[in-house]
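>>> sequence unknown, structure follows:
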């Protein structure tokens, strides 16, 4: 095995190794300090809770995943459209952008009661909250990617007689891809946050609901089990975004490959 | 149109960059689907002629600055425009690569005979490439001197040190000194 590939292997193992070491440390410290499992349960107890409640957890995890993906999908579609419009036209930019900033400044949790008022409790407020949280980064990034087209590149296109929509398709959109994928990694994580927040307040399904119920019954290891599951789902979704990014915008990472 | 820095698109391969005009300029755009193979062959031939054989599948950022500028020229010429605008296309290159590309430029011109307006601060470049050199004043830019270059083609680098060539360079140099004074 060459020195380079050993190094790569070592780098791939490192995060797992550190996770295991931290878990062991957590286990040992909670046991040695005699801290109550009602405050901080050891990882082994969390693992047991996962096994014991695996049906409830997986069912509700699917619900959370479902609302998150739908909210994220909506954010993706509208985010790209509005981002394109804002990036392509300075009139739309100056008209809409301040509103978007104001919209983003609103604490989204404060909107959940409104959503409940309008749509009742359940999946819809969760989808809407996920959408609200993940929408803004996508818009801003897509708009930035398009608005920062090099003027020389536009000149080249115009000298060939390209129309505005052709410039947008051939230069703007490809150029915005790395920006888009950078925002997806932020957004997908925020979408999970949105779903879970909404579920804790206004749902009878989903991990957020499980968390609230478990906390009320002092089943702290179940609370942790729920948190771990959301974290794992968010990390996997992040990894998928990163994989897509490497496939679709590989040219933006030239420094890394050279 | 070609600029000082090659404005190739980093998300396209060099070949796809060179073929960009086919996607925009008529009548190529209309016939692009039926005649794809023919257009690809044409782009590859052009890349060959500037010494980029086999590099079409590379991305621009995998090429050196000189190679990028060659590809840039190819893109500017592929659709055989009636007029080529070149804004200091070789200014960002080192002296040897620049002189090499004068040769490339001249070869392309000998084959295709397009009209070109080339802006440059390099007087040897101007005399090497141009049929007529126009000296412009500083702001507001006015043409203050017109100098035909009657030297025969193909011109060579060695020829650029011959007295007739050097005389023209000196004459232009003097005009510019006057303009700047």
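Thanks, I have it. Predicted model only: the values in this text are computed from it and were never measured.

>>> what about residue A:180, neighbour count?
23 (other Cβ atoms under 10 Å in any protein chain shown). Glycine gets a C-beta too; all of them are placed from N, C-alpha and C.

>>> Confirm it sits in a strand?
No: using DSSP: H, G, I helix; E, B strand; the rest coil, the secondary structure at residue A:180 is helix, not a strand.

>>> Show me where the stretch 151-258 of chain A has its helices.
Secondary structure of the stretch 151-258 of chain A, counting by DSSP state H, counting those that start in this stretch: helices at A:151-159, A:164-167, A:173-202, A:206-216, A:220-248, A:254-257.

>>> Residue B:146 is nearest to which of those?
helix A:151-159 (25.6 Å; Cβ to Cβ).

>>> Quick one: list the elements packing against that closest one.
Under the contact criterion of 3 or more Cβ pairs under 8 Å, 6 or more residues apart in numbering or on different chains; DSSP states H and E, helix A:151-159 touches helix A:164-167.

>>> at 10 Å instead, please
When contacts are defined as 3 or more Cβ pairs under 10 Å, 6 or more residues apart in numbering or on different chains; DSSP states H and E, helix A:151-159 packs onto helix A:164-167, helix B:20-24, helix B:65-77, strand B:83-87.

>>> show me where pLDDT drops low in the chain?
Using chain A. Residues of chain A that meet the criterion pLDDT under 70 lie in A:1, A:254-258.

>>> hm, I was asking about chain B
Within chain B, the stretches with pLDDT under 70 are B:1, B:4.

>>> near chain A, which residues of it?
B:1-13, B:20-26, B:29, B:59-62, B:72, B:75-76, B:79, B:81, B:83-85, B:87 (Cβ under 10 Å from any Cβ of the partner chain).

>>> Could you verify my assumption that residue A:89 touches residue A:95?
Yes: using Cβ atoms under 10 Å, residue A:89 is in contact with residue A:95, at 9.1 Å.

>>> buried set for stretch A:97-108?
Using 16 or more other Cβ atoms under 10 Å in any protein chain shown as the test for burial, stretch A:97-108 gives A:97, A:100, A:108.

>>> how close does the residue nearest to the first one when sequence neighbours are not counted get to residue A:153?
Taking Cβ to Cβ, 6 or more residues apart in numbering or on different chains, and ignoring the residues beside it in sequence, residue A:97 has residue A:86 as its nearest neighbour in space, at 6.2 Å. Distance, residue A:86 to residue A:153, by Cβ to Cβ, to the nearest Å: 19 Å.

>>> Which one of the two is surrounded by more residues?
residue A:86 (24 against 18).

>>> Report all helices and strands that the helix or strand harbouring the more buried one contacts.
According to DSSP states H and E, residue A:86 maps onto helix A:54-88. Using 3+ Cβ pairs under 10 Å, 6+ apart as the contact test, the elements touching helix A:54-88 are helix A:43-52, helix A:90-105, helix A:123-147, helix A:164-167, helix A:173-202, helix A:206-216, helix A:220-248.

>>> closest one to residue B:147 among those helices?
helix A:164-167 (38.5 Å).

>>> Return the set of buried residues in that closest one.
A:166, A:167.

>>> How about that helix and chain B, any contact?
Yes: using Cβ under 10 Å from any Cβ, helix A:164-167 reaches chain B at A:166, A:167.

>>> contacting residues around that helix?
Helix A:164-167 has contacts (Cβ atoms under 10 Å, 6 or more residues apart in numbering or on different chains) with A:88-89, A:146, A:149, A:153-154, A:156-158, A:160, A:172-173, B:23-24, B:29.

>>> Closest to residue B:102 out of those residues?
Closest approach to residue B:102 among the contacts of helix A:164-167 (Cβ to Cβ): residue A:156, at 22.2 Å.

>>> quick one: contacts for the residue lying closest to the closest one once chain neighbours are set aside?
Of all residues beyond its chain neighbours, the one nearest residue A:156 is residue B:7 (5.1 Å), with distances taken as Cβ to Cβ, 6+ apart. By Cβ under 10 Å, 6+ apart, residue B:7 lies in contact with A:150-157, A:171, B:1, B:17, B:60, B:68, B:72, B:75.
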